[in-house]
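K.L.:
sequence plus the predicted model coming up.
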Amino acid sequence: MTKGKAPAIARGAAILRLLGKSETPLGVNYIARALGLVPSTCLYVLRALAEEELVAFDPDTKRYSLDAGVLTLARGWLRRNHFADMAQPLIDRLARDHGTTMLAVQIVGLEHMVVVATAQAGAHFQISAQIGSRFPALISATGRCIAAFGGYPADELHQRFETLRWDNPPTYADWMEQIGEARALGYAVDAGNYISGVTVIAAPVLKGRQRPAHALVAVGISDAMERTGLIRIGNDLSATARILSERSNQD
């Protein structure tokens, strides 16, 4: 967890992410076990986060939760990042037209991607993801887009591919072939590899017409997505991503 990073910062960030995912406050020992930390070290970091009002401590239950200080950081980011505002009406339209969940994600190199906007359509059963959810950068359809348009060395892609966890993992050869298809089509499809029975389609939003900075993603039950038409969804997703690329580069 701390390789290549300042250990205290890495530990603090991991604790904040864990607390952010939890529906209930957590105790020191649970947090330490979940993150592989020494309890005394975990307690030291938690106290430092509490002093900065990023974490709240309940003296009655002896448990920790996120505090209001994280909202100040989030508001600062939102004021400076207009992509979610630009993407929201477009993914709302995509969700409505295709009857499936749509996401906008921010890509952080080969590290991870973060959901920054979501849109649902209709009353049918839908796959959902929360704003702030993080995923490995190269996983699923979005990962194929990152590999296709990111200009990363093949050996680095291969190394990171080996660390990915799929329900039905593709072979590396098949994955590379699908990356080539994504480069030609302008969008990528994951048909049940990442999550069995779920199809994901993604199109890159390019920064300076080069590497992907964001992506638009359609997620749904495979049978329903196939009835709607994967090519239809992919082409619409790709065209919308190109519009966002142009707007982002003008911003």
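P.N.:
Great, that's in hand. Numbers count the residues shown, from 1 in each chain.

K.L.:
so after the helix or strand containing R93, what's the next helix or strand?
P.N.:
Using DSSP states H and E, R93 maps to helix 83-98. Using DSSP H and E, the helix or strand that follows helix 83-98 towards the C-terminus is strand 101-108.

K.L.:
mind listing the strands that following strand pairs with, and their directions?
P.N.:
Paired strands of strand 101-108, with direction, are strand 112-119 (antiparallel), strand 212-221 (antiparallel) (DSSP bridges).

K.L.:
quick one: mean pLDDT for it?
P.N.:
Averaging pLDDT along strand 101-108 gives 93.

K.L.:
quick one: buried residues of that strand?
P.N.:
For strand 101-108, a neighbour-count test (16 or more other C-beta atoms under 10 Å) marks 101-107 as buried. C-betas here are computed from N, CA, C, even on glycine.

K.L.:
and the spatially closest residue to A191 that is not a sequence neighbour, how far is that from A224?
P.N.:
Distances taken as C-beta to C-beta, 6 or more residues apart in numbering place T199 nearest to A191, at 5.1 Å, with adjacent residues excluded. Taking C-beta to C-beta, to the nearest Å as the measure, T199 falls 9 Å from A224.

K.L.:
who has more neighbours, the two?
P.N.:
T199 (27 against 16; other C-beta atoms under 10 Å).

K.L.:
which strands and helices sit next to the helix or strand containing the more buried one?
P.N.:
Element membership of T199, judged by DSSP H and E, is strand 198-206. If you count contacts as 3 or more C-beta pairs under 8 Å, 6 or more residues apart in numbering; DSSP states H and E, strand 198-206 packs onto helix 140-149, strand 188-191, strand 212-221, helix 222-228, helix 230-250.

K.L.:
one more time with 6 Å
P.N.:
helix 140-149, strand 188-191, strand 212-221, helix 230-250 (3 or more C-beta pairs under 6 Å, 6 or more residues apart in numbering; DSSP states H and E).

K.L.:
give me the angle between that strand and helix 230-250.
P.N.:
Comparing the axes of strand 198-206 and helix 230-250 via axes from the mean of the first three to the mean of the last three C-alpha atoms, to 10 degrees yields an angle of 30 degrees.

K.L.:
partners of strand 198-206, with directions?
P.N.:
Here strand 198-206 is paired, per DSSP bridges, with strand 188-191 (antiparallel), strand 212-221 (antiparallel).

K.L.:
pull out the buried positions in it.
P.N.:
Buried residues in strand 198-206 (16+ other C-beta under 10 Å): 198-206.

K.L.:
who's in contact with the residue nearest to A191?
P.N.:
191, 222, 225 (C-beta atoms under 6 Å, 6 or more residues apart in numbering).

K.L.:
which residues does it bridge with?
P.N.:
Assigned bridge partners for T199, using DSSP bridges, are A191, G220.

K.L.:
how close does it get to V189?
P.N.:
Where V189 is concerned, T199 sits at a distance of 7 Å (C-beta to C-beta).

K.L.:
V114 now?
P.N.:
Taking C-beta to C-beta as the measure, V114 falls 22 Å from V189.
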